[in-house]
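Peer 1: Just need the structure, nothing else, for what follows:
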Amino acid sequence: MFSSFTRFAILAGAIGAVAASSSNPEDNGSCAEVVNQCKLFASQGIFQNEYCVLASICDADTDAGTDGLIDQVLPNVQPRPTSEGSQRLSQDVFNKMSNNSPTLSTQNIIDAYYGALTNTYTGTNATNAQQSGQNGPYPTDAAYVSDLWDIVAAWTDNCDTAEIPYNNFADYLQYAAQSDYHPTCDC
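Peer 2: The predicted model follows:
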């Protein structure tokens, strides 16, 4: 098959090609697949794996936010969990997504998002999840992911750089769904 370097080069090429396409992109099912990946690992904690963290970003432009995601991926858990009552974002997950940087950048999120859609998992939960060898669907435009990230950047007051430190991002994940605060970046 392909070496790790070859897979990375192919993925990096795909991201570069996607980044150069149209404006105002729409989702083509990529968020639905990220949510499917999250469902497999949600029992570990909604902010304890990158799939659910990325799925939370997919819900950035919805009124329900992460709490809506929790309803989707943990529908039978009682009492009903909330983002605010969930265990705080794992530092290990943040470090993995940021490549051990003190901030998460737009490029980090795009890389993590595309990575989550590469060699996706199948199964019914984290215990029996196996990589499928299947990819995607990838967004038709990387701007789809960066537009979602801009919502997070606005909420954390980081529009100028869209680089978000751990505490600000962890706060967004836990509190944005219930905050009724929906600013935008004027970028």
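
Peer 1: can you give me the strands for this protein?
Peer 2: Here the chain has its strands, by DSSP state E, at 103-104, 121-122, 130-131, 164-165.

Peer 1: is it possible to export the ones you listed to CSV including mean pLDDT, mean neighbour count and distance to Pro183?
Peer 2: For every residue, glycine as well, the C-beta is placed using N, CA and C. Formatted as CSV, these follow (pLDDT from 0 to 100; neighbours: other C-beta atoms under 10 Å; distance: least, C-beta to C-beta, whole Å):
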stretch, mean pLDDT, mean neighbour count, distance to Pro183
strand 103-104, 98, 22, 18
strand 121-122, 96, 16, 34
strand 130-131, 96, 10, 38
strand 164-165, 98, 21, 14
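
Peer 1: So which of those is nearest Lys39?
Peer 2: strand 121-122 (9.8 Å; C-beta to C-beta).

Peer 1: Redo the strands of the chain as TSV? Include distance to Tyr51.
Peer 2: Output for the strands of the chain, formatted as TSV (distance: least, C-beta to C-beta, whole Å):
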stretch	distance to Tyr51
strand 103-104	16
strand 121-122	8
strand 130-131	13
strand 164-165	19
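
Peer 1: List just the one of those strands that sits closest to Arg80.
Peer 2: strand 121-122 (25.4 Å).

Peer 1: all helices for the protein, in order.
Peer 2: Using DSSP state H, the helices found in the chain span residues 4-19, 30-41, 50-58, 65-73, 91-98, 106-116, 143-155, 166-179.

Peer 1: in this structure, what spans have low per-residue confidence?
Peer 2: Counting by pLDDT under 70, the chain contains low-confidence ranges at 1-24, 187.

Peer 1: what sits against Leu54?
Peer 2: Val34, Cys38, Ile109, Ala112, Tyr113, Ala116 (C-beta atoms under 8 Å, 6 or more residues apart in numbering).
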